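Trainee: Return atomic coordinates for the entry below.
(chains A and B)
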Amino acid sequence: MAAVEVPSSREAHPEKQGGPFSKPDANLSLAHFIVVFVALVLGGIAGALQAEVRSGTLTLPAGIDYYALLTLHGVVMALVVTTYFIVGFLLAFSGHLLGGELKPTPRLLGWIGFIVMTLGTAMAAIEILLGNASVLYTFYAPMQASPWFYVGVTLLIVGSWISGAAIFVQYHLWRKEHPGERSPLGAFMAVCTFILWDIATLGVAIESLFQLIPWSFGLTKTINVELSRTFFWYFGHPLVYFWLLPAYIVWYTVIPKIVGGKVFSDTLARFAFLLFILFSVPVGFHHQLMDPGIQSGWKFVQVVLTMMVVIPSLMTAYALFATFIRAGRAKGQTGFTGWLKAMPWGDVRFLAPFIGMVGFIFGGAGGIINASNQMNAMVHNTLWVTGHFHETLALTVILTFFGASYWLLPALSGRKLTPQMNKLGILQTILWTVGMVIMSGAMHAVGLLGAPRRTSYTTYQNNPLAQTWVGYEQWMAIGGIILFIGLALMVYNAFRMIYGAPKGYTEVPVADIEEEAGTPPAIFEKWWLWIGITVVLVLIAYFVPVTQMIQNAGPGSPGFNTWNFGR
Amino acid sequence: MHFPRYEKIWLAIGGGALAVFLIVLGIYGFGMGFNTPHDTQTVDAQTISQNPNFQPGVKQTGPNRYEVTIVARTFSFAPAVIQVPAGAEVTFRMTSADVVHGFEIPQTNVNVMVVPGQVTTITHTFEKPGNYLILCNEYCGTGHQLMQAQLQVQ
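Mentor: Below you'll find the model as predicted:
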């Protein structure tokens, strides 16, 4: 086992006091991370309770609704924790790569974005806790939540647009000061991530502003349900790539440095990210395969486009393992598996993201099953799907984010990752992995047997088949408890790294590029071209079916509150 | 843009497998009729109980063919008990009177969304006699976990 290399000491950077980030940049990002780790506690409590209730182990005290907790868990974990982490990380990272710190305009935009996002999050959270919005994080019409819930979610998204604009401005100013130079790889990837996000969130913004908000305020009487589902899923799938791309940024640009290697190919890494922009948006129908109102041909077009992401995913897998093998060779390891001996298994900054990568091999395979017309009939809306996105989001993405926290948080707070904290990090990584493998594994298995997702404890009046599901649900509950312990340890570690660890300089580990990697073509940074191709693909995939949905719209639907009949 | 030789081989194998996979999916779907719901017919959810074309029940439509009309509404399906003969081709024709529901018969390929204002149809042949559980698998409100029906295949 390789020794942990505690990141380089202050002597190496005598000119810098505290950390690699300026104080104002560090404060901006840390504000985001404090929200992340407070929200994790809230979402974690809701998640742990849910797992116990679902298995029949626990009955909630009267007055607490299982579905309100489910809504809280989904909104907090899928929308709040992810978005704040990504914004906090990429603001600091792109400022660091593009000139060392954020310029005044991007920094101001970053704070405005933070305030708008936080206002929206608070509004949505209050409405959920008051029981006015038990509509889950997909908020399917015609269940109708309080209008302030929709306004809150919309503000969260608008805030993230402003924060994304901060990164665009920083990048633009850097390019003006460095004509003809290629942008740093990590910054290029951050720009890709927010281009993807802006294109994707247009769908949910249209759904909110033109359908949900006027309808919930009573300005319009009815809503076109199938159209609202289509706008939601136009956003809902690229949403998962918005989570995944920042994890890929860590894998492509940081992990090579931590394993003592280099970025395998700068050009191909950029190309993979551009392909992710193109093929992550025009694909939402694969979440609506079992919906009426959409012709089979259009569903199949989007299934094909969905599967195209296999190509950049395979490129990513190749690049990462090529990096590992080369790093292993540089340390004298040969053969097909020799590199395994050269990896820093005792370094949490490597271990956590690496487990995320391995998890994603299985997550990707599961995703291909979900997006295939016929196989989807077996797993649609079963616990298999819940297992799938806990594996992809909570294992792959979140574990990568946790691993990155062990260098990012001390770098931001001007502190050091001590060997003891590294050990706690390894323990936390193991707890999270074991808990998630048990929970997600049980979800996948019981989903194949037919158990539905998003359902409180039930045996369907002692139905013999449904009774066989309970054993799996108890495994889910055990996994949930282990996960909650892992989460609590992560929150402790995070606040320790922000406020308690010894002062010192922690570097931002960014890998160099292999010498023979070549220069990426200039066309890669002609953003309007890539946005234009994406728009064309979106029009091909969506224009006809959406037009049909609007033209063939039957009578719309009024709103229903089916969770709180007293309202 | 330069791809290393081994990466070309890797991508060719992956891309080739993907192409074969998509062709198989397409042939199953369009050539052999294993398709997902695709009705674009609409119906008024608010007046569904007075709609003469949408009265819940089982109707024989041909030799060994049946059509089952189902209305989903929080938190039940009408009819609550459905009887069909084993080996018959059964077409379920469904809509919702209020919010979105799911219609799942576990351990079969019958698993579709029931959306207010839209008509969902799906056809299946139940070869094995027995009692099948029908459940709602889309969250529809506080009693969602109670929403079920029974299919008796005789």
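Trainee: Pull out the C-alpha coordinates of stretch A:435-443 and format them as PDB.
Mentor: These are the backbone C-alpha positions of stretch A:435-443, laid out as PDB (Å, rounded to 0.1, in the frame of the first residue of the first chain):
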ATOM      1  CA  GLY A 435     -24.200   0.800   2.600                       C
ATOM      2  CA  MET A 436     -24.800   1.700  -1.100                       C
ATOM      3  CA  VAL A 437     -24.000  -1.700  -2.400                       C
ATOM      4  CA  ILE A 438     -26.400  -3.300   0.000                       C
ATOM      5  CA  MET A 439     -29.200  -0.800  -0.500                       C
ATOM      6  CA  SER A 440     -28.800  -0.400  -4.200                       C
ATOM      7  CA  GLY A 441     -28.300  -4.200  -4.700                       C
ATOM      8  CA  ALA A 442     -31.500  -5.000  -2.800                       C
ATOM      9  CA  MET A 443     -33.400  -2.400  -4.800                       C
END
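Trainee: Who are the contact partners of residue B:137?
Mentor: A:380, A:381, A:382, A:452, A:453, A:454, A:455, B:102, B:103, B:104, B:111 (CB atoms under 8 Å, 6 or more residues apart in numbering or on different chains). For every residue, glycine as well, the C-beta is placed using N, CA and C.
Trainee: so what's the backbone phi/psi at it?
Mentor: Dihedral pair for residue B:137: phi -120, psi 20, per degrees, to the nearest 10.
Trainee: where do the helices sit along the stretch 1-150 of chain A?
Mentor: A:23-54, A:66-74, A:82-97, A:104-129, A:147-177 (DSSP state H, counting those that start in this stretch).
Trainee: how about these in TSV, adding mean pLDDT and distance to residue A:310?
Mentor: Listed next are those as TSV, based on pLDDT from 0 to 100; distance: least, CB to CB, whole Å:
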stretch	mean pLDDT	distance to residue A:310
helix A:23-54	96	31
helix A:66-74	95	27
helix A:82-97	97	23
helix A:104-129	97	33
helix A:147-177	97	27
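Trainee: Can you tell me which of these is nearest to residue A:496?
Mentor: The closest of the helices of the stretch 1-150 of chain A to residue A:496 is helix A:23-54. By CB to CB, the value is 10.9 Å.
Trainee: Residue B:114 contacts residue B:93, correct?
Mentor: No. Counting by CB atoms under 8 Å, residue B:114 does not reach residue B:93; the two are 10.5 Å apart.
Trainee: shared neighbours of the two, which are they?
Mentor: Counting by CB under 8 Å, 6+ apart, the residues touching both residue B:114 and residue B:93 are B:70, B:120.
Trainee: More neighbours: those two, which one.
Mentor: More neighbours surround residue B:114 than the other of residue B:114 and residue B:93, with 29 against 18 (other CB atoms under 10 Å in any protein chain shown).
Trainee: Ramachandran angles for that one?
Mentor: phi -120, psi 110.
Trainee: could you measure it against residue A:287, distance?
Mentor: 16 Å (CB to CB, to the nearest Å).
Trainee: cool, and residue A:55?
Mentor: 27 Å.
Trainee: hang on, the earlier thing: compare the contacts of residue B:137 and tell me which is most surrounded.
Mentor: residue A:452 (29 neighbours).
Trainee: Would you point out which residue is most central in chain B?
Mentor: residue B:112 (3.4 Å; CA atoms, centre = their mean).
Trainee: Isn't that residue up against residue B:123?
Mentor: No. Residue B:112 is beyond contact range of residue B:123, at 11.0 Å (criterion: CB under 8 Å).
Trainee: least trustworthy helix or strand in chain A by mean pLDDT?
Mentor: Least confident helix or strand of chain A, by mean pLDDT, DSSP states H and E, is helix A:373-379 with a mean of 90.
Trainee: Does the spatially most central residue of chain A lie in a helix or a strand, and which?
Mentor: Per CA atoms, centre = their mean, the C-alpha nearest to the average position across chain A is that of residue A:243, at 2.4 Å. Residue A:243 is part of helix A:225-249, with elements assigned from DSSP states H and E.
Trainee: List the contacts of the residue nearest to the centre of chain A.
Mentor: A:82, A:86, A:393, A:397.
Trainee: Can you give the domain ranges for chain B?
Mentor: Here chain B is described, according to automatic domain parsing, as comprising the domains B:1-35, B:45-153.
Trainee: Span of the longest one from start to end?
Mentor: From the first residue to the last, domain B:45-153 extends over 29 Å; the measure is CA to CA, to the nearest Å.
Trainee: Pull up the residues of the stretch 401-550 of chain A that are close to chain B.
Mentor: A:449-458, A:460-461, A:463, A:465-466, A:518, A:520-521, A:548 (CB under 8 Å from any CB of the partner chain).
Trainee: Just the buried ones among these, please.
Mentor: A:449-458, A:460, A:463, A:465-466, A:520, A:548 (16 or more other CB atoms under 10 Å in any protein chain shown).
Trainee: Pick out whichever of those residues sits closest to chain B.
Mentor: For these, the closest approach to chain B (CB to the nearest CB) belongs to residue A:450, at 2.6 Å.
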